[in-house]
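**Student:** sequence first, then the predicted structure:
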Amino acid sequence: MSAPYFLFPFAAILLWAGNVMVSKLSAGTIDPTAITFWRLVLATALMSLFVLKPAWRNRAAIVPQLPRLAFLGFLAMALFQCLSYEAAKTTTATNMAIMTSLVPLLTMGLSVVVLREPPTRGMVFGGLLSLAGLVYLISAGQPSALLAGGAHLGDLLMLDAALAYALYSVLVRRWHVGLPSWQSTYVQAMFALVFMFVFDLRLPWETMLPNRASLPLIAYAGSLASVVLPYFWMQGIRHLGPNRCSMFMNLLPVATAAIAVGWFGEHLHGYHVLGGGVALVGVLIAQLWRRPLSGGVASGAMRTSAKT
């Protein structure tokens, strides 16, 4: 009965993979902060068509949550996006997708610190396994090279972006803003837009303006990736639950790699398959093996810790 509903998170992941391609195409075309600003301009304009009036009617509930919504918007819609666009300059689309797919695992880890949730055996074992796979991946199959030359800047920036989104996911659960999903997303986007406008004042005006090459990228990022993708993801969570939807994050590197090979001519190497595969297996183990380290049954809160 629920089989058709799996199309919602699957379509969201495909759009997310396409957004990784947009990030790669934007490298060298438009400043990372500029494309983040313009995608937010388009996204908030589109959401205003169906969210502005309900949000205004619900302003009494929204106003007390404004400080929290501002910080959430900064994390997910400003910081995460800027770091992703900057990372695209010096890492591959496949690596970016693998880093992003670690968000559920990172969310679980931060939940232990922020929400005081008990760590599970799957989290510890899966986390160590993912770390080993990640080291193998970012070192291009030569872990000793990390000691000599360090990791690529793009990989580190993408890992920081994943951490920012994981913190966002944890704070969403901790704060319980209690608003309809679209209204919460809309207000967060408005705050992120203000943050990016202030930050972009440092740019020369000619650098800030979109050009012919960047306009299609902004259109995709601001409409499909910022409005249609969240709609599909929200529908998936509504019908399938957050745990099932979070499993689809593991498909992101597969979909991204398939597009990147055909579009950018990126080459899949053994370290992509081995390192990325081990990292994703670790994420899957953490999601499925919920037994706490101290024994017993995992709490209900832990069961939803993979929600992003």
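**Tutor:** Alright, I've got the coordinates. Residues are numbered from 1 along each chain as shown.
**Student:** my guess is Phe74 contacts Leu193, does it?
**Tutor:** No. Taking contacts as Cβ atoms under 8 Å, Phe74 lies outside contact range of Leu193: 10.9 Å. All C-beta atoms are positioned from the backbone trio N, CA, C, and that covers glycine.
**Student:** and the two? Which one has more around it.
**Tutor:** Using other Cβ atoms under 10 Å, the more surrounded residue of Phe74 and Leu193 is Leu193, with 22 against 19.
**Student:** who touches the host helix or strand of that one?
**Tutor:** Per DSSP states H and E, Leu193 falls inside helix 181-200. Contact with helix 181-200 is made by 33-34, 36-37, 40-41, 43-44, 47-48, 50-52, 54-55, 58, 62, 65-66, 69-70, 72-74, 76-78, 82, 177, 179, 208, 226, 230, 234, as judged by Cβ atoms under 8 Å, 6 or more residues apart in numbering.
**Student:** again, only this time at 6 Å
**Tutor:** By Cβ atoms under 6 Å, 6 or more residues apart in numbering, the residues outside helix 181-200 that reach it are 33, 36-37, 40, 43-44, 47, 51, 55, 69-70, 72-74, 77-78, 177, 208, 234.
**Student:** can I get the CA coordinates of it in CSV?
**Tutor:** The C-alpha trace of helix 181-200 is given here as CSV (Å, rounded to 0.1, in the frame of the first residue of the first chain):
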residue,chain,number,x,y,z
SER,A,181,6.7,22.8,8.1
TRP,A,182,6.3,25.3,5.3
GLN,A,183,5.9,28.3,7.6
SER,A,184,9.0,27.3,9.5
THR,A,185,11.0,26.8,6.3
TYR,A,186,9.7,30.1,4.9
VAL,A,187,10.8,32.2,7.9
GLN,A,188,14.1,30.4,8.1
ALA,A,189,14.7,31.2,4.4
MET,A,190,13.8,34.9,5.0
PHE,A,191,16.4,35.1,7.8
ALA,A,192,19.0,33.4,5.6
LEU,A,193,18.3,35.8,2.8
VAL,A,194,18.9,38.7,5.2
PHE,A,195,22.2,37.1,6.4
MET,A,196,23.4,36.6,2.8
PHE,A,197,22.5,40.1,1.8
VAL,A,198,24.6,41.6,4.6
PHE,A,199,27.4,39.2,3.9
ASP,A,200,27.3,40.0,0.1
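**Student:** could you list the buried residues of it?
**Tutor:** Buried residues in helix 181-200, counted by 16 or more other Cβ atoms under 10 Å: 182-193, 195-196, 200.
**Student:** what's the lowest-pLDDT member of the residues you listed?
**Tutor:** Within these, pLDDT reaches its minimum at Asp200, with 88.
**Student:** distance of that residue from Leu252?
**Tutor:** Relative to Leu252, Asp200 is positioned 29 Å away (Cβ to Cβ, to the nearest Å).
**Student:** with Gly73 instead?
**Tutor:** Distance from Gly73 to Leu252, by Cβ to Cβ: 23 Å.
**Student:** between those two, tell me which one has more neighbours.
**Tutor:** For the pair Gly73 and Leu252, the greater number of neighbours falls to Gly73 (26 against 23), based on other Cβ under 10 Å.
**Student:** so that one is in which element?
**Tutor:** Here Gly73 sits within helix 66-73, counting by DSSP H and E.
**Student:** what's the mean pLDDT across whichever strand or helix holds Pro54?
**Tutor:** Taking DSSP H and E as the criterion, Pro54 maps to helix 32-57. Here helix 32-57 scores 96 as its mean pLDDT.
**Student:** how about the helices in the stretch 101-250 of the chain?
**Tutor:** Remark: helices assigned in the stretch 101-250 of the chain by DSSP state H, counting those that start in this stretch are 103-114, 121-138, 144-149, 153-175, 181-200, 205-208, 215-219, 229-240, 242-247.
**Student:** out of these, which is closest to Gly270?
**Tutor:** Set against Gly270 and scored by Cβ to Cβ, these come closest in helix 121-138, at 9.8 Å.
**Student:** show me what the closest one packs onto, helices and strands only.
**Tutor:** Secondary-structure packing of helix 121-138 (3 or more Cβ pairs under 6 Å, 6 or more residues apart in numbering; DSSP states H and E): helix 270-288.
**Student:** show me what counts as buried in the helix it packs on.
**Tutor:** Within helix 270-288, the residues that count as buried by 16+ other Cβ under 10 Å are 271-272, 275-276, 278-280, 282-287.
**Student:** please apply the same query to stretch 57-64.
**Tutor:** Ile62.
**Student:** where does this structure have low pLDDT?
**Tutor:** Along the chain, the model assigns pLDDT under 70 to residues 1-2, 145-151, 295-308.
**Student:** surely Gly23 and Tyr85 touch.
**Tutor:** One correction, residue 23 is Ser, not Gly. Yes. Judged on Cβ atoms under 6 Å, Ser23 makes contact with Tyr85 at a distance of 5.5 Å.
**Student:** good, wrapping up.
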